[in-house]
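**Q** need a structure here:
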Amino acid sequence: MQQEVNYLSGKEKRTQVINGEPLTYKQQAGLVIRLSIPAILAEISSIVMQYIDAAMVGSLGKNATASIGLMSSTTWMVGGFCISVAMGFSVQTAQYIGAKDDKSAGSVLRQSLSVSLVSALLVTMICIMISGKLPYWLGGAQEVCPDASRYFFIYSCAIPAVQFRQLGGNMLQCSGDMKTPSMLNALMCVFDVIFNYFLIFPERNMEIWKWEISIPGVGMGVAGAALGTALSEAVTAAFMLYMLCFRSEVLRVTKKGSWALDKNCLKKAVRISLPMAFEHGVVSGAQIVSTKIVAPLGTVAVAANSLAVTAESLCYMPGYGVAAAATTLVGQSIGAKKKDQARCFARLSVMLGALMMSAAAFLMYLCAPQMFGMLTPDPAVRGLGIKVLRIEVFAEPFFACSIVAAGALRGAGDTLVPSIMNLLSMWGIRITMAAYLAPRIGLTGVWTAMCVELSIRGILFLVRLFREKWLECY
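**A** I've put the predicted structure just below:
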């Protein structure tokens with residue numbers, strides 16, 4: 001097992017998955033757990049920092065919270081596009097590494113850098129152009145829209161950094177290095193809190209023991225939160241690209257290789273990325289429509305909805321950590337022509353993700369009052385947020401199945417059918433139910449619709465996983 005341990009420590013990028021050595025069930029389970037741990041810890045660190053971030057903005061009042069919440073569904077859509085572009089190339093990289101073809105893996109990386117730059121700049125220009133009007137299109141209140149516009153404009157300027165951070169992290173993960181991107185993503189959250197601390201608040205005095213010290217601050221409010229996020233994305237992207245391009249044993253660009261675009265590589269990237277981009281568009285588009293459904297319910301509802309989403313993320317982030325490990329292990333197994341092993345990795349990953357998110361959901365139900373107590377001082381926002389968050393808890397096991405199964409399917413290059421399932425689930429169930437229930441029972445109806453939809457989505461992904469048609473996609 002020495003090579004397996006080296007793989008996990010990042011010192012050696014060859015595993016028994018690639019070497020052709022048979023793996024026992026116990027060894028496969030060990031790989032799933034060990035590869036998941038760094039990504040899970042990074043996701044948890046990220047959420048802890050998001051809680052602090054939300055608390056900082058929440059201290060400015062419900063309008064500040066609502067202005068960021070109004071734009072969150074759109075920023076998720078942009079982030080989803082960046083992930084889709086990155087995955088179109090990183091899945092190919094995992095499969096080439098599994099097939100012991102490092103030269104082709106390096107070629108894919110070089111092409112991904114060029115394509116990512118062009119696509120990110122195009123998205124940036126579009127987002128900057130619509131930033132002034134978007135909050136009004138989403139139905140935001142007059143007192144919320146100006147801050148929301150400034151927030152989205154600053155975020156839009158950071159989209160190239162978001163794209164390269166995602167690309168660098170995905171490439172490192174698919175090469176087998178889970179620790180480096182996990183550590184850097186966690187560090188990004190630390191940067192975000194530090195930048196926010198000085199950018200959001202004005203200069204102020206703080207008493208430490210018997211001394212009173214002056215804390216510098218810019219006092220930018222909501223715009224400071226956006227700038228803090230943008231700066232942390234830029235710093236992290238620079239570190240991520242350095243580790244990928246110059247320190248990665250498998251993928252560093254200092255090795256000999258061509259930067260020319262390859263038609264077959266681009267076709268594969270489009271085949272993987274396009275359904276994923278469509279899927280993220282479907283999901284985020286539904287979230288944007290949900291925002292429009294929530295907006296007429298008032299500022300308290302918008303703020304409670306935004307903070308409840310932040311609180312819920314503590315539950316599902318471990319699932320995304322396991323999904324990242326599933327993508328790597330399934331992708332490399334498929335590249336090594338080991339379908340039985342790919343099947344086992346997929347099922348083990350889904351089981352682990354469901355167990356972890358179920359445990360997290362139980363804790364979230366119990367600790368909901370304390371969580372919202374940290375996020376906002378407003379009693380109305382707090383009470384409504386606790387109520388809707390506890391509704392969502394019951395869907396988390398099924399949500400875990402959909403998240404991790406999607407990661408496993410992605411490793412095999414199966415992205416089209418999952419995107420169609422998301423389309424039917426989000427628009428056919430969640431939006432329809434939310435539009436019907438929101439005018440009748442308020443924000444509770446929106447979250448009830450979400451709970452029902454996530455449960456059905458989880459069942460759909462389990463059916464897809466166990467039917468195993470995805471094993472023939474590559």
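**Q** helices of the stretch 301-450 of the chain, residue ranges please.
**A** For the stretch 301-450 of the chain, applying DSSP state H, counting those that start in this stretch gives helices covering 339-375, 379-392, 396-411, 416-425, 432-441, 443-467.
**Q** tell me the contacts of residue 333?
**A** Counting by C-beta atoms under 8 Å, 6 or more residues apart in numbering, residue 333 makes contact with 17, 98, 339, 341-342, 345, 411. C-betas here are computed from N, CA, C, even on glycine.
**Q** residue 299: which of those is nearest?
**A** Of all the contacts of residue 333, residue 411 has the smallest distance to residue 299: 42.5 Å, by C-beta to C-beta.
**Q** mind checking how far the closest one is from residue 102?
**A** For residue 411, the distance to residue 102 (C-beta to C-beta, to the nearest Å) stands at 18 Å.
**Q** same deal with residue 344?
**A** Distance from residue 344 to residue 102, by C-beta to C-beta: 25 Å.
**Q** same question, residue 456
**A** Going from residue 456 to residue 102 by C-beta to C-beta gives 42 Å.
**Q** again with residue 277
**A** Applying C-beta to C-beta to residue 277 and residue 102 gives a distance of 28 Å.
**Q** please save the CA atoms from the helix or strand hosting residue 172 in CSV.
**A** Here residue 172 sits within helix 159-174, counting by DSSP states H and E. This file holds the C-alpha atoms of helix 159-174, laid out as CSV (Å, rounded to 0.1, in the frame of the first residue of the first chain):
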residue,chain,number,x,y,z
ILE,A,159,-14.6,35.9,-12.9
PRO,A,160,-11.2,35.1,-14.7
ALA,A,161,-9.7,34.4,-11.2
VAL,A,162,-12.7,32.2,-10.3
GLN,A,163,-12.2,30.3,-13.6
PHE,A,164,-8.5,29.7,-13.1
ARG,A,165,-9.0,28.7,-9.4
GLN,A,166,-11.6,26.1,-10.5
LEU,A,167,-9.4,24.9,-13.3
GLY,A,168,-6.3,24.6,-11.2
GLY,A,169,-8.1,22.8,-8.4
ASN,A,170,-9.9,20.4,-10.6
MET,A,171,-6.7,19.5,-12.6
LEU,A,172,-4.7,18.9,-9.4
GLN,A,173,-7.5,16.8,-7.9
CYS,A,174,-7.9,14.7,-11.1
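**Q** chain center to the helix or strand following that helix, what's the gap?
**A** Using DSSP H and E, the next helix or strand after helix 159-174 towards the C-terminus is helix 179-199. Going by C-alpha atoms, centre = their mean, to the nearest Å, the spacing between the C-alpha centre of helix 179-199 and its chain's C-alpha centre is 15 Å.
**Q** buried residues of helix 179-199, list them for me.
**A** Across helix 179-199, burial judged by 16 or more other C-beta atoms under 10 Å covers 179-189, 191-193, 195-199.
**Q** name the stretch among the helices of the stretch 301-450 of the chain that sits most buried.
**A** The highest mean neighbour count among the helices of the stretch 301-450 of the chain, using mean count of other C-beta atoms under 10 Å, belongs to helix 396-411: a mean of 28.
**Q** flag the shaky bits of the protein, pLDDT-wise.
**A** Along the chain, the parts satisfying pLDDT under 70 run over 1-23, 38-39, 41-54, 208, 210, 473-474.
**Q** neighbouring contacts of stretch 142-159?
**A** In contact with stretch 142-159 (C-beta under 8 Å, 6+ apart) are residues 63-64, 66-68, 70-71, 74-75, 78, 82, 120, 123-124, 127-128, 131-136, 140, 221-223, 225-227, 229-230, 233-234, 299, 302.
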